[in-house]
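> Mind looking at a prediction? Sequence and model below.
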Amino acid sequence: MSQADGKRGQSQAPGDEANVTDGVRISCSECLGFDLCTTCFSRGVEIGTHKNDHPYRVVTRHRFPIFTENWSADEELLLIDGLRQFGMGNWKDAAEHVGTKTKEECEQHYLEVYVGSDTWPLPNMGRGFDVEFARAPGERRPRNATPSKTKVLSSQPSNHEIVGYMPGRLEFETEYENEAEQIVKDMVINDDDTAEELELKQTVLRIYNGKLDRRLLRKEFIFDRGLLEYRKNQAIDKKRPKDERDLLTRLRVFARMQTRDDFDEFAAGLLNEQRLRQRIGQLQEWRRNGITTLGEGAQFEDERSQRPSRRATTQRDSAHLLERLQRIAAARAVRESILAAASGPAQQKQPGGRKLASPLDIASAEGVELLAESERELCSRLRVFPRPYLRVKEVLLAEYARAGQLGRRSACGLVKMDERRTRRLYEFFVRSGWIKPPPARDEAVSGPARELVPAQQPPPPSSNTNGTRPVAHEF
């Protein structure tokens, strides 16, 4: 089978596609761009509109040189065709299209023969050569049929890791001073321009060329420093310690003032100085802690790295233990107060024949500084420690603030304490004016409560005798 463009194929068997680039081929004179290999032509193969009786011509390989001795006519045609297909400046794809030249050879040949020609834009067509072939068949390199895996399919910003960069054209979607061309896009130099107009237009062109030079310098800086390899640079930065990354970030402002080698040497020197200062500080700290060997220093650093986790664990365990001890102490205090009230050695008689327990000494109890004098005397008579009392006070006042009123039975149901003590505390709060009972009370304040309550009126909840804010005021 023939190949219409006469350039690619896989086999030479009749009926299959064949590569006729490097061999003799039969070109149909009626079917435009239709070529046949010699095998298909000898068998009279007909494909599509092509018939075996069409006129034809024999096309041989163009191995003779036309511009330089080491470039054949076929290679010249393939180079021009490759640049037309893949874009001007895409030397890599153009070299793969030629198949026998590297991208450096393609670029150098195009710049010397076409761009550097005295008859530009046409090359020098009058050169003659004494050789018959541009390159011997044994010197030709085989065409690379397998494209590179890293080949950029098209020169578009989305095909590169840097957004806005077009690798095939070595340009950015938005260049430095991107509007520079606006000042010259409509400029026309006419033969009848005056000297002043020509001078003005030349000045504008010089300004435009200056912008292009600054743009070129910045692009060369980016290419020279490898800033387009974003993922590679990011992986290198992640391996550095944070202090080194911060130092390199501050040094980047000096990069444009130095060459690449000078800047790398400058940065390496500062990084080395920083490491030496850190090492000297570490050795001085070891010496202050009495460490004289490197083995002891390594053990010291290992223990210091584990110290924060140990400190956090110790603080958490201490907080749990302290909370547990406080609960045990409060429960024990309540239990002792109940037992002492039931079977205390020193008892007093109260009206009705019942005996009262001796007052409890709470001068050194926890939280006594939060109580007013009348509250201290009440806790001492009822043998209740300050902390349980404050908790009962907090619960009762909070319920009163929520409901607007609080009865005696409701108060006894809210507090898990001896009912007699709860009733005495409730009556004390009522007499102090902190709680108002419901309008229809079942029972009035009893006489024994009057004996328990001191004669002096306690201060309001907003202040106490020692200037400490009561807990009840939080409600």
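It's in. Keep in mind that what you see is a predicted model, and the values were worked out from it rather than measured.
> thought residue 366 was touching residue 386?
Yes - using C-beta atoms under 8 Å, residue 366 makes contact with residue 386 at a distance of 6.7 Å. Any C-beta I mention is one placed from the backbone N, CA and C, and that applies to glycine too.
> and these two? which has more neighbours close in?
Counted by other C-beta atoms under 10 Å, residue 366 and residue 386 do not tie: residue 386 has more neighbours, with 19 against 14.
> distance of that one from residue 326?
Going from residue 386 to residue 326 by C-beta to C-beta, to the nearest Å gives 13 Å.
> what's the answer for residue 248, then?
Counting by C-beta to C-beta, the separation of residue 248 from residue 326 is 53 Å.
> Please work out the average pLDDT along the host helix or strand of residue 36.
Residue 36 belongs to strand 35-37 when assigned by DSSP states H and E. Averaged over strand 35-37, pLDDT sits at 83.
> next one: stretch 377-392
Stretch 377-392 shows an average pLDDT of 86 in the prediction.
> Could you do stretch 221-234 as well?
Averaged across stretch 221-234, pLDDT comes to 83.
> what distance separates the start and the end of it?
End-to-end distance for stretch 221-234: 18 Å, by C-alpha to C-alpha, to the nearest Å.
> Stretch 113-127 now?
Stretch 113-127 has an end-to-end distance of 11 Å (C-alpha to C-alpha).
> Run the chain-centre distance for that stretch.
On the basis of C-alpha atoms, centre = their mean, to the nearest Å, stretch 113-127 sits 54 Å off its chain's mean C-alpha point.
> Quick one: mean pLDDT over it.
Mean pLDDT, stretch 113-127: 79.
> how about it: buried residues?
113, 114, 123 (16 or more other C-beta atoms under 10 Å).
> Equivalent analysis for stretch 199-206, please.
By neighbour count on 16+ other C-beta under 10 Å, the buried set for stretch 199-206 is residue 201.
> Check which helices and strands the host helix or strand of residue 283 sits against.
Residue 283 belongs to helix 260-288 when elements are defined using DSSP H and E. Helix 260-288 sits against helix 242-251, helix 294-343, with contacts defined as 3 or more C-beta pairs under 8 Å, 6 or more residues apart in numbering; DSSP states H and E.
> Now render those helices as JSON lines, adding mean neighbour count and mean pLDDT.
Shown next, in JSON lines, are those (neighbours: other C-beta atoms under 10 Å; pLDDT from 0 to 100):
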{"stretch": "helix 242-251", "mean neighbour count": "12", "mean pLDDT": "90"}
{"stretch": "helix 294-343", "mean neighbour count": "12", "mean pLDDT": "79"}
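> can you list these in TSV and add distance to residue 206?
What follows is those, written out as TSV (distance: least, C-beta to C-beta, whole Å):
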stretch	distance to residue 206
helix 242-251	35
helix 294-343	63
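> the helices in the stretch 51-200 of the chain, which residues?
In the stretch 51-200 of the chain, the segments counted as helices under DSSP state H, counting those that start in this stretch are 73-86, 91-98, 103-110, 195-224.
> elements contacting the first one?
By that I understand helix 73-86. The helices and strands touching helix 73-86, judged by 3+ C-beta pairs under 8 Å, 6+ apart, are helix 91-98, helix 103-110.
> And the contacts of the last one?
Yep, that's helix 103-110 we're talking about. Contact with helix 103-110 is made by 68, 71, 79, 82, 83, 91, 92, 94, 95, 98, 101, as judged by C-beta atoms under 8 Å, 6 or more residues apart in numbering.
> what does stretch 210-217 give?
Contacts to stretch 210-217, defined as C-beta under 8 Å, 6+ apart, come from residues 175, 176, 177, 180.
> could those go into CSV alongside neighbour count?
Shown next, in CSV, are those (neighbours: other C-beta atoms under 10 Å):
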residue, neighbour count
175, 17
176, 14
177, 13
180, 18
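> Output stretch 212-219 in CSV with nothing but the alpha carbons.
C-alpha atoms of stretch 212-219 as CSV (Å, rounded to 0.1, in the frame of the first residue of the first chain):
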residue,chain,number,x,y,z
LEU,A,212,12.9,44.6,24.5
ASP,A,213,16.5,44.5,26.0
ARG,A,214,15.1,44.6,29.5
ARG,A,215,12.6,41.8,28.6
LEU,A,216,15.4,39.7,27.2
LEU,A,217,17.6,40.2,30.2
ARG,A,218,14.9,38.9,32.5
LYS,A,219,14.1,35.9,30.4
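> and it, which residues are buried?
Across stretch 212-219, burial judged by 16+ other C-beta under 10 Å covers residue 215.
> how distant is that stretch from the center of its chain?
Counting by C-alpha atoms, centre = their mean, stretch 212-219 comes out at 31 Å from the chain centroid.
> what do you get for stretch 79-96?
Using C-alpha atoms, centre = their mean, the offset of stretch 79-96 from its chain centre is 39 Å.
> Any idea how far apart the tips of it sit?
Taking C-alpha to C-alpha, the first and last residues of stretch 79-96 lie 10 Å apart.
> Go through it and flag the buried ones.
The neighbour-count check on stretch 79-96 (16+ other C-beta under 10 Å) flags 79, 82, 83, 86, 90, 91, 92, 93, 94, 95, 96 as buried.
> can you check stretch 66-77 too?
Using 16+ other C-beta under 10 Å as the test for burial, stretch 66-77 gives 66, 67, 68, 71, 72, 74, 75, 76.
> Would you format the residues you listed as CSV with distance to residue 437 and pLDDT included?
Output for these, formatted as CSV (distance: C-beta to C-beta, whole Å; pLDDT from 0 to 100):
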residue, distance to residue 437, pLDDT
66, 119, 82
67, 117, 82
68, 117, 83
71, 114, 85
72, 117, 83
74, 114, 80
75, 112, 85
76, 113, 85
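> which among these gets closest to residue 24?
Relative to residue 24, the closest of those is residue 74; by C-beta to C-beta it sits at 12.8 Å.
> Look up how far residue 71 lies from the residue nearest to that closest one when sequence neighbours are not counted.
With sequence-adjacent residues excluded and distances taken as C-beta to C-beta, 6 or more residues apart in numbering, residue 74 is closest to residue 62, at 4.6 Å. Distance of residue 62 to residue 71, given as C-beta to C-beta: 11 Å.
> likewise residue 410?
108 Å.
> and if you look at residue 182?
Residue 182 sits 41 Å away from residue 71, going by C-beta to C-beta.
> Check residue 102 too.
Distance of residue 102 to residue 71, given as C-beta to C-beta: 13 Å.
> One more: residue 125?
Residue 125 sits 14 Å away from residue 71, going by C-beta to C-beta.
> next one: residue 52
Taken as C-beta to C-beta, the span from residue 52 to residue 71 is 36 Å.
> what's the burial count for residue 184?
Applying other C-beta under 10 Å, I find that residue 184 has 14 neighbouring residues.
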